[in-house]
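Enquirer: got a structure for you, letters missing:
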């Protein structure tokens, strides 16, 4: 299960997120402070996904912990994007938000939030 692509594809369905950062939603690639002319969103899985909930010796769900960072020069824009992401993560996946670091450095605001939740496996028919 490619959680990065799944999350990305849901983020770009949100009109606000898409309008602010469509070409700048990345996996693992953190921008240099001087490269943040426009908002950046970085999706970073903090674990590879852990199989949970077993039935007949077969796992039924995967538990994920994902960090999604928003970087921009504008504090309110950073906050609004982070809140829009929070809404997508809750409404589309049911992932709960956990605290993450908030930083300000050389004119760039960073709001990093962590999301924990699970997805059911998709290959039950092939078992």
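Expert: In hand now; what should we look at? Computed from a predicted model, the values in this text were never measured in an experiment.
Enquirer: going forward, measure contacts between C-alpha atoms and count neighbours the same way
Expert: Will do.
Enquirer: which residues sit against the helix ranked longest in the chain?
Expert: The longest helix of the chain (DSSP state H) is helix 75-88. Residues from elsewhere that reach helix 75-88, judged by CA atoms under 8 Å, 6 or more residues apart in numbering: 10-11, 14, 16-17, 39, 69-72, 97, 109-113.
Enquirer: Try it again at 6 Å.
Expert: If you take CA atoms under 6 Å, 6 or more residues apart in numbering as the criterion, helix 75-88 is touched by 70, 72, 109.
Enquirer: Count residues in the vicinity of the spatially closest residue to residue 12 that is not a sequence neighbour, would you?
Expert: Leaving out its chain neighbours, the residue that sits closest to residue 12 by CA to CA, 6 or more residues apart in numbering is residue 18, at 5.0 Å. Residue 18 has 15 neighbouring residues, counting by other CA atoms under 10 Å.
Enquirer: So residue 18 sits against residue 9, correct?
Expert: No. Between residue 18 and residue 9 there is no contact under CA atoms under 6 Å: 10.4 Å.
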